[in-house]
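Peer 1: Sequence plus predicted model, see below.
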Amino acid sequence: MMKLPININDILTAGVIEWERLEFKAGWNPVKVMRTMTAFANDFQARHEEEMELMTLAANIPFDDRMNHRADLKDLDLGLIRSYLQQVDSDLFDDAAKMDFSQLCRQMNIIDGPDEVIYPKNVGMMFFNDHPCDFFPQTQIDVVHFPDGPGADTFSEMIFKGPLHIMLKNALTHIKSMVIEEKVVKYPDRPEASRFFNYPFAAIEESLCNAVYHRSYEIREPIEVRILPDRVSILSFPGPDRSISDHNIREFHFLSRRYRNRRVGEFLKELDMTEGRGTGIPKILRALQDNGSPLPKLVTDNDRTYFLSEFPIHSAFTQQSTSENFGKLRDTSEKKFNQTLMLLKEQPTLTISQLAEKLNISSRAVEMQIRYLKKEGFLIRIGSRRKGQWEVTQGAR
């Protein structure tokens with residue numbers, strides 16, 4: 001192939017003038033190999049701002065709307081698609097079973113490319129593949145309970161994976177059943193009682209939905225929800241768009257000119273899981289105000305690498321009541337410890353990673369469990385790290 005005696009920088013700065021036009025036509029070849037061909041047309045002179053805009057427009061197809069070249073049409077699940085169409089009451093639901101699958105996917109705009117070589121879009125893989133974390137590592141929500149605070153030895157962890165809307169729904173269901181508590185205060189001078197929640201679920205729900213909507217699926221970090229005795233925090237990566245100033249963040253004014261993951265937002269909006277248009281923060285503030293809860297703390301760094309939302313517990317929940325609220329979380333931790341001991345008793349050569357897989361928790365969580373069980377005398381390591389095995393003591397229940 002003949003090499004062109006030019007480069008892109010020279011063209012943008014009008015450093016050269018096109019001296020020949022090359023055109024190759026060899027017919028369509030569906031093999032996944034780039035075979036041709038560049039033809040440069042008229043010269044132009046661009047200012048620096050125009051250069052940057054042109055480069056951005058050329059390269060900045062939103063990640064969720066890009067084709068995924070690691071995936072195939074068969075990686076999209078018709079059952080998940082039909083379930084979604086039924087949930088949103090789409091007219092496509094009745095036609096989906098008899099329609100050509102690629103035509104259905106094109107109508108939903110979750111695939112791209114010519115019929116000979118079709119690729120799913122990233123947004124399609126996020127919602128309509130059973131294991132999107134295989135394509136977008138760390139696409140998960142980690143809910144970590146610290147009933148005695150982050151410095152204590154005991155904690156429990158639940159990891160939620162799967163299609164985005166199902167992952168989000170399951171995590172929210174867990175939080176609602178395991179975390180949210182109601183307190184009823186009765187008064188002697190009037191029949192009406194006051195009702196408070198430790199955290200208004202609507203605020204936690206909106207914040208977690210926003211994290212799923214606005215996180216980057218190119219960054220290999222999960223969304224982490226921490227349940228502490230006095231607060232709930234939600235951490236995601238990266239931080240808010242730079243079009244939102246630090247002052248606006250402090251004032252809870254989130255009106256971005258650019259939205260990350262617009263396609264993800266569209267699907268979540270159809271499922272009534274988010275609204276878009278900058279309504280998330282006002283909705284959170286209303287829920288907190290209606291419950292009499294403190295304002296949240298919204299934190300990011302100068303480089304906008306992360307975004308942390310912290311929700312302090314309602315003042316009506318004393319330390320004593322907080323301990324009662326977290327009693328069932330301790331029970332969850334104890335169950336995990338018992339499961340770990342039972343597994344190691346049956347299979348004493350299990351590794352940390354194998355335990356993590358069987359318990360559906362992270363390797364870090366297993367290591368902390370092992371450290372605690374050894375400290376309490378329930379577990380002994382016999383032999384080396386590589387060739388040894390575990391022994392569950394008689395003191396373990």
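Peer 2: Perfect, I can see it now.

Peer 1: for the stretch 51-200 of the chain, what spans make up the strands?
Peer 2: Remark: strands assigned in the stretch 51-200 of the chain by DSSP state E, counting those that start in this stretch are 111-112, 119-120, 141-145, 156-160, 182-185, 194-197.

Peer 1: Make CSV out of the ones you listed and add mean pLDDT.
Peer 2: Formatted as CSV, those follow (pLDDT from 0 to 100):
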stretch, mean pLDDT
strand 111-112, 96
strand 119-120, 98
strand 141-145, 95
strand 156-160, 93
strand 182-185, 86
strand 194-197, 88
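
Peer 1: Reformat those as JSON lines; add mean neighbour count and distance to Trp390.
Peer 2: Every residue, glycine included, has its C-beta placed from N, CA and C. Shown next, in JSON lines, are the strands of the stretch 51-200 of the chain (neighbours: other C-beta atoms under 10 Å; distance: least, C-beta to C-beta, whole Å):
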{"stretch": "strand 111-112", "mean neighbour count": "19", "distance to Trp390": "49"}
{"stretch": "strand 119-120", "mean neighbour count": "23", "distance to Trp390": "43"}
{"stretch": "strand 141-145", "mean neighbour count": "23", "distance to Trp390": "24"}
{"stretch": "strand 156-160", "mean neighbour count": "21", "distance to Trp390": "21"}
{"stretch": "strand 182-185", "mean neighbour count": "10", "distance to Trp390": "42"}
{"stretch": "strand 194-197", "mean neighbour count": "16", "distance to Trp390": "42"}
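
Peer 1: Just give me the residue right at the centre of the chain.
Peer 2: By C-alpha atoms, centre = their mean, the chain has its centre lying nearest to Val212, at 4.4 Å.

Peer 1: nearest residue to Asp130 other than its sequence neighbours?
Peer 2: Asp77 (6.2 Å; C-beta to C-beta, 6 or more residues apart in numbering).

Peer 1: Retrieve the pLDDT associated with the one you found.
Peer 2: We note a pLDDT of 96 for Asp77 in this prediction.

Peer 1: Can you name the residues that contact it?
Peer 2: The contact partners of Asp77, by C-beta atoms under 8 Å, 6 or more residues apart in numbering, come to Phe128, Asn129, Asp130.

Peer 1: Show me which of these are buried.
Peer 2: Buried by 16 or more other C-beta atoms under 10 Å: Phe128, Asn129, out of these.

Peer 1: Any stretches of the stretch 151-300 of the chain with poor pLDDT?
Peer 2: Low-confidence segments of the stretch 151-300 of the chain, defined by pLDDT under 70: 187, 189, 256-257, 276-278.

Peer 1: returning to that earlier point: how close does the residue nearest to the centre of the chain get to Phe378?
Peer 2: Taking C-beta to C-beta, to the nearest Å as the measure, Val212 falls 38 Å from Phe378.

Peer 1: With Asp134 instead?
Peer 2: From Asp134 to Phe378 the distance is 36 Å (C-beta to C-beta).

Peer 1: So between these two, which is more surrounded?
Peer 2: Neighbour tally, Asp134 and Phe378, criterion other C-beta atoms under 10 Å: the higher count belongs to Phe378, 19 against 14.

Peer 1: What backbone torsions are found at that one?
Peer 2: Per-residue torsions, Phe378: phi -90, psi -20 (degrees, to the nearest 10).

Peer 1: picking up where we left off before, just put the contacts of Asp77 in a markdown table and tack on distance to Lys283.
Peer 2: A markdown table is the format used below for the contacts of Asp77 (distance: C-beta to C-beta, whole Å):
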| residue | distance to Lys283 |
| --- | --- |
| Phe128 | 27 |
| Asn129 | 30 |
| Asp130 | 31 |
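
Peer 1: Looking at the contacts of Asp77, which are in helices?
Peer 2: Among the contacts of Asp77, the residues falling in helices (DSSP state H) are Phe128.

Peer 1: which one of the contacts of Asp77 sits closest to Asp303?
Peer 2: For these, the residue nearest Asp303 by C-beta to C-beta is Asn129; the value is 31.8 Å.
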